[in-house]
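Trainee: structure, please.
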Amino acid sequence: MGLKTGDKLRCSSSVAAAARSRLKPWLLRATMTVVLWTCVLQLTAVGNTWGPRVLKGWPSCRTAREAAAAAAVTTTQLAMPEPVVAKAVLPPKKFMGIYRNNGYLMVSCNGGLNQMRAAICDMVAIARYLNVTLVVPELDKTSFWNDPSEFQDIFDVEHFITSLRDEVRILRELPPRVKRRVELGMFHTMPPISWSDISYYHNQILPLIRKYKVLHLNRTDARLANNGLPLEIQKLRCRVNYGALKFTSQIEELGKRVIRMLRQNGPFLVLHLRYEMDMLAFSGCTEGCTPKEAEELTRMRYAYPWWKEKVINSFAKRKDGLCPLTPEEVALVLRALDIDRSMQIYIAAGEIYGGKRRMASLTSAYPNVVRKETLLEPSDLMFFQNHSSQMAALDYLVSLESDVFVPTYDGNMAKVVEGHRRYMGFKKTILLDRKIIVELVDQYYSGSLRWDEFSSLIKSVHANRMGAAVTRTVIPDRPKEEDYFYANPQECLRDPNLLQTL
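Mentor: Presented below is the predicted three-dimensional model:
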């Protein structure tokens, strides 16, 4: 019995020793795990405090408002039935070198919707190149249209910020500490020089941002050159224009409704009939107007001091092709181009000056003339009243989806829509040659041209003006006269091999 008990004791001691030997590595691993996790937690705490400044290379600027918005987006994504793959949040890439935030850029856009749209694209590209943080642009509220719309009233601001986060850092507003500097006047404001190349911004603007930390550009129209820029900048301008600048869901849905209503009745042509009172007053074009109307337009021109040209010869300007075509001239051209009489004509414009009297020729030739106000109920447009930029956004969406787009004047909407339609696959855009059209119309009215001759000449003139792929015309030292980048963004078109030189 004693031997058996001793054996048991020796066996128990051996088991205990074996257990202790196994326990030591486990305890060691457990201890190391605790130590490592403690280090991770400490580093995370330090990262939250110093990361934006030391680890990420730029000042911490995320406000509580942005954090709440991000949390709301996350909650929405989790509630969706479809899986959502979260995109990694990366600091902006740089064309060369390591990203370093050089300061903050505030911009105040000027002009109508499409002039501001192009300017926003330019400002994003400039901010990206200079490694500065861009504050969501402020829209023009003091121009002729007097539209109080904010950026977020027209564009999806969250999409704008997040879709570009791998390129440039954009904030809804300045961080509190920087905002206090601005409130105390510790910043610099100026208009940049028009049509500047990127070296101007690097050599003249960047030093100001580094000096003042905050720079405010108070004019943004045509402040970046059309040509001679790095390919990355040109492509970023396109990425902003065709990807990041998405209209609000309210505008998008209403635009889709209008397009569906038009599609139900067959193909449709969008006529950007730039024959509103402000355009006629600004340009000084009075063809077809009564003496009373011409006087009213002149008074309006003198009422706006920023319209620099006051004394204008309407006859000479029209002969040079510098006036918007009249509704009567447009009706003749559409007929000469054999546009079917049953075609729906959607008028993308504000109120036509002269009303029904001036539209009579066009509605007689094309009975299916419509506009958003005739397709939609007043209640549908209630929230858009007195918001011309939001109204213009609706017309922009319809113009993109039309079977044919015909601008009657080469303003900002005409150019930006033309370029967008090229980007969408060279959709048919009839670019009217106003100087030749005016000459032919006058000959037809005088009886020196028969209808068949007039029609044949109009077709011949516009055979190669249908929005096909062409190389952008460059005129050194005369940027206003060369092709506008946003009308023909050839660096971004999907098949550059289609480009031809006219």
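Trainee: following the helix or strand bottoming out on mean pLDDT in the chain, which helix or strand shows up next?
Mentor: Across the helices and strands of the chain, mean pLDDT, DSSP states H and E gives its lowest value to helix 64-79, namely a mean of 40. Next in sequence after helix 64-79, counting helices and strands by DSSP states H and E, comes strand 104-107.
Trainee: list the buried residues of that next one.
Mentor: 104-107 (16 or more other CB atoms under 10 Å). In short, each C-beta sits where N, CA and C put it, glycine included.
Trainee: what packs against it?
Mentor: Under the contact criterion of 3 or more CB pairs under 8 Å, 6 or more residues apart in numbering; DSSP states H and E, strand 104-107 touches helix 113-130, strand 133-135, strand 214-217.
Trainee: try it again with 10 Å
Mentor: Applying 3 or more CB pairs under 10 Å, 6 or more residues apart in numbering; DSSP states H and E, one finds that strand 104-107 contacts helix 113-130, strand 133-135, helix 176-183, helix 206-212, strand 214-217.
Trainee: what's the mean pLDDT across the longest one?
Mentor: Put plainly, it is helix 113-130. For helix 113-130, the mean per-residue pLDDT is 97.
Trainee: ditto for the second one
Mentor: Average pLDDT, strand 133-135: 98.
Trainee: just the buried residues of that strand, please?
Mentor: Neighbour counts using 16+ other CB under 10 Å place 133-135 of strand 133-135 among the buried residues.
Trainee: what does that strand rub up against?
Mentor: Contacts to strand 133-135, defined as CB atoms under 10 Å, 6 or more residues apart in numbering, come from residues 58-59, 61, 92, 101-107, 120, 123-124, 126-128, 161, 164, 168-175, 178-179, 182, 209, 214, 216.
Trainee: tell me how far the ends of stretch 397-417 are from each other?
Mentor: By CA to CA, to the nearest Å, the extent of stretch 397-417 from end to end equals 9 Å.
Trainee: my error: substitute stretch 322-332 in the last question.
Mentor: From its first residue to its last, stretch 322-332 covers 19 Å (CA to CA).
Trainee: equivalent analysis for stretch 370-379, please.
Mentor: Using CA to CA, the span of stretch 370-379 from its first residue to its last is 18 Å.
Trainee: how far does it sit from its chain's centre?
Mentor: 25 Å (CA atoms, centre = their mean, to the nearest Å).
Trainee: buried sites along that stretch?
Mentor: For stretch 370-379, the neighbour count (16+ other CB under 10 Å) marks 370-372, 376 as buried.
Trainee: closest to Leu325 out of the residues you listed?
Mentor: Nearest to Leu325, judged by CB to CB, of those is Arg371 at 17.7 Å.
Trainee: deepest in the core, which of the helices and strands packed on strand 104-107 is it.
Mentor: Highest mean neighbour count of the helices and strands packed on strand 104-107: helix 113-130, a mean of 25 (counted as mean count of other CB atoms under 10 Å).
Trainee: and of the helices and strands packed on strand 104-107, who's closest to Met359?
Mentor: With CB to CB as the measure, helix 113-130 is the member of the helices and strands packed on strand 104-107 nearest Met359 (23.7 Å).
Trainee: pretty sure Ala331 contacts Ala365?
Mentor: Yes: here Ala331 reaches Ala365: they are 4.5 Å apart, a contact under CB atoms under 10 Å.
Trainee: low pLDDT regions in this protein?
Mentor: For the chain, the stretches with pLDDT under 70 are 1-31, 33-99, 495-502.
Trainee: mind doing that once more with 50?
Mentor: 1-19, 44-91, 94-97, 501-502 (pLDDT under 50).
Trainee: please, where are all the strands along it?
Mentor: Counting by DSSP state E, the chain has strands at residues 104-107, 133-135, 170-171, 188-190, 214-217, 268-272, 344-347, 369-370, 404-407.
Trainee: quick one on the thing from earlier: format the helices and strands packed on strand 104-107 as CSV; extra columns: distance to Phe155.
Mentor: Shown next, in CSV, are the helices and strands packed on strand 104-107 (distance: least, CB to CB, whole Å):
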stretch, distance to Phe155
helix 113-130, 8
strand 133-135, 14
helix 176-183, 22
helix 206-212, 25
strand 214-217, 19
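Trainee: can you get me a residue count around the nearest residue to Phe247 once chain neighbours are set aside?
Mentor: Once flanking residues are discounted, Phe247 sits nearest to Ala393: 5.2 Å by CB to CB, 6 or more residues apart in numbering. Ala393 has 25 neighbouring residues, counting by other CB atoms under 10 Å.
Trainee: Ala393 against Met116, yeah?
Mentor: No: assessed by CB under 10 Å, Ala393 is found out of contact with Met116, at 11.1 Å.
Trainee: grab the nearest non-local neighbour of Ile312.
Mentor: Spatially, and ignoring its direct neighbours in sequence, Ile312 is nearest to Gly284 (2.7 Å; CB to CB, 6+ apart).
Trainee: quick one: buried residues of stretch 148-158?
Mentor: Under 16+ other CB under 10 Å, the buried positions of stretch 148-158 are 149, 151, 153-158.
Trainee: cool, and stretch 338-345?
Mentor: 339, 343-345.
Trainee: would a markdown table of those residues with distance to Leu245 be doable?
Mentor: Below are the buried residues of stretch 338-345 laid out as a markdown table (distance: CB to CB, whole Å):
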| residue | distance to Leu245 |
| --- | --- |
| Ile339 | 31 |
| Met343 | 30 |
| Gln344 | 28 |
| Ile345 | 27 |
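Trainee: next, give me the two most distant ones among the residues you listed.
Mentor: Using CB to CB, the pair of those lying farthest apart is Ile339 and Gln344, separated by 10.8 Å.
Trainee: hey, what's in contact with both of the two?
Mentor: Common neighbours of Ile339 and Gln344 (CB under 10 Å, 6+ apart) are 269, 366.
Trainee: hang on, the earlier thing: out of the buried residues of stretch 370-379, which one sits closest to Glu253?
Mentor: Leu376 (12.0 Å).
Trainee: hmm, who's touching stretch 229-236?
Mentor: 93-96, 121-122, 124-129, 164, 167-168, 197-199, 224-227, 237, 244, 485, 489-492.
Trainee: among these, name the buried ones.
Mentor: Buried among these by 16+ other CB under 10 Å: 121-122, 124-129, 164, 167-168, 197-198, 224-227, 237, 244, 485, 489-492.
Trainee: go ahead and confirm Glu482 touches Asn226.
Mentor: Yes: Glu482 lies in contact with Asn226 (CB under 10 Å); the separation is 6.0 Å.
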